[in-house]
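*Asks:* no sequence on hand, only this structure:
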Ligand SMILES: [Zn+2]
């Protein structure tokens, strides 16, 4: 799925610093639904600045330090402004330590009845950070948890050690720079299953499923990752953890996907219902590694992941299963058109998207990729996708980058196609199928 937060509404703006790394330590109190945190933010100065700006959600910031020096700061809504003593020189580096606490109303879900805590996007509600899709950094996340809990996090679990007060310290490390909206974690008394395929550590967690059931729910993961890696021209890197939590939309986090227990049950009953597992896995490339530069180009994340999940379904269950997905997208598009809610795939503002706007970027976005596939033919289309994915691996993109890659590889002028389907309101219905 995708971030739903208010933070997602903010357009990206020029920033005076580039965050390189977050070193975070969080202590969630599940019964009290409370969080204490400290984050060290390593940054490089891009432009002279007397104030540095971060997203802090509704967290109460108690202290900010640069080295040993405490710095004055102020809050304006969700924004934290830190005043630095003298203008920082471009090119120089710094480390800021921020102490905070909070009882987040969203972004972090506490389920005391399940002894569970997990994130739902809105990263700045539990981590002071730069919450923008074009800001990438590495992350080390240490979670102080009650003994006996298992955790799921970004990247790789480095260690679990005894901590203070009978707690355990779980340390997760993400070594690839990623946008902060794909940071997240989950913790509970999970049952777990693991396997190692193609050098990738695959981990599955849930409370309500046995290890054996988990292996059935997520049994196609390795093949999916192989398929998407082939389509992207880039192999999956690192470990991949999937956890079923109390209740969530599907979440594509870096090296981690969170899905709901209810969905896991559905896949167990019907193994063909794995489109959401595939959607989140596809995001590991399209969304996480190749990321829309701002939310106006969100279709590059969501249309792509929706389309790629259907491409996997086609590979796994045959062309008819793929056609059924295309048919559903087309029906959704027709419904949008009949109520006058169709829209260009690129949004000037993605401030408070309606359900219809989301259908535009997800279902219409996927449908447009299907049409492009038909127009270019198998060979040219997939070569274009591969070129685009490789060229922008680890980068932020706009629709122009995607179009350029598809035009270069196919040798076709896609101006008319993009004007009709991507940039503008499409021609009246029935003009195209
Ligand atoms: Zn998605």
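*Replies:* Right, received. Where do you want to start? Just so it is clear, the model here is predicted, and its values are computed rather than measured.
*Asks:* tell me, how many residues neighbour residue 341?
*Replies:* Counted by other CB atoms under 10 Å, the residues lying close to residue 341 total 14. Every C-beta, even on glycine, is put in place using the N, C-alpha and C of the backbone.
*Asks:* report the contact partners of the nearest residue to residue 160 once chain neighbours are set aside.
*Replies:* Nearest in space to residue 160, with sequence neighbours left out and distances taken as CB to CB, 6 or more residues apart in numbering, is residue 170 at 5.2 Å. The neighbours of residue 170, taking CB atoms under 8 Å, 6 or more residues apart in numbering as the test, are 142-143, 145, 151, 153, 157, 159-160, 187.
*Asks:* likewise for residue 252?
*Replies:* Residue 252 sits next to 1-2, 182, 279-280, 283-284, 287-288, 305 when contact means CB under 8 Å, 6+ apart.
*Asks:* helices of the stretch 101-250 of the chain, start to end?
*Replies:* Secondary structure of the stretch 101-250 of the chain (DSSP state H, counting those that start in this stretch): helices at 211-217, 221-232.
*Asks:* what's the end-to-end length of stretch 171-189?
*Replies:* For stretch 171-189, the first-to-last residue distance is 17 Å (CA to CA, to the nearest Å).
*Asks:* ok, that stretch near the ion or not?
*Replies:* No. Judged by CB under 5 Å from the ion, stretch 171-189 makes no contact with the ion; its nearest approach is 10.9 Å.
*Asks:* quick one on the thing from earlier: which of the contacts of residue 252 fall in strands?
*Replies:* Within these, no residue falls in strands by DSSP state E.
*Asks:* filter those residues down to the buried ones, ChimeraX style.
*Replies:* In ChimeraX syntax, the buried subset of the contacts of residue 252 is picked out as below (16 or more other CB atoms under 10 Å):
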select :1,2,182,279,280,283,284,287,288,305
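*Asks:* still on that earlier bit, among the contacts of residue 170, name the buried ones.
*Replies:* Counted by 16+ other CB under 10 Å, the contacts of residue 170 give 142-143, 145, 151, 153, 157, 160, 187 as buried.
*Asks:* buried ones in stretch 307-320?
*Replies:* 307-316.
*Asks:* let me redo that: stretch 40-53
*Replies:* Neighbour-count burial for stretch 40-53 [16+ other CB under 10 Å]: 41-43, 45, 49, 52-53.
*Asks:* just give me the least confident of these.
*Replies:* Within these, residue 49 has the lowest pLDDT, namely 88.
*Asks:* next, that one: secondary structure please.
*Replies:* Assigned by DSSP: H, G, I helix; E, B strand; the rest coil, the conformation of residue 49 is coil.
*Asks:* contacting residues for whichever residue of the stretch 101-250 of the chain sits closest to the ion?
*Replies:* When scored by CB to the ion, the stretch 101-250 of the chain has residue 250 as its residue closest to the ion, at 6.6 Å. Residues in contact with residue 250 (CB under 8 Å, 6+ apart) are 1, 257-259, 263, 276, 279-280.
*Asks:* equivalent analysis for residue 63, please.
*Replies:* By CB under 8 Å, 6+ apart, the neighbours of residue 63 are 70, 97-99.
*Asks:* among these, which ones lie close to the ion?
*Replies:* Okay, of these, nothing touches the ion (CB under 5 Å from the ion).
*Asks:* highest neighbour count among those?
*Replies:* Taking other CB under 10 Å to define a neighbour, the member of those with the most is residue 98, carrying 25 neighbours.
*Asks:* surely that residue is in contact with residue 39?
*Replies:* Yes. Residue 98 lies in contact with residue 39 (CB atoms under 8 Å); the separation is 5.3 Å.
*Asks:* any common contacting residues for the two?
*Replies:* When contacts are counted by CB under 8 Å, 6+ apart, residue 98 and residue 39 have residue 128 as shared neighbours.
*Asks:* residue ranges of each domain in this structure, please.
*Replies:* For the chain, automatic domain parsing gives the domain ranges 7-283, 290-423.
*Asks:* which residues does residue 360 contact?
*Replies:* By CB under 8 Å, 6+ apart, the contact set of residue 360 is 299, 336, 341-343, 345.
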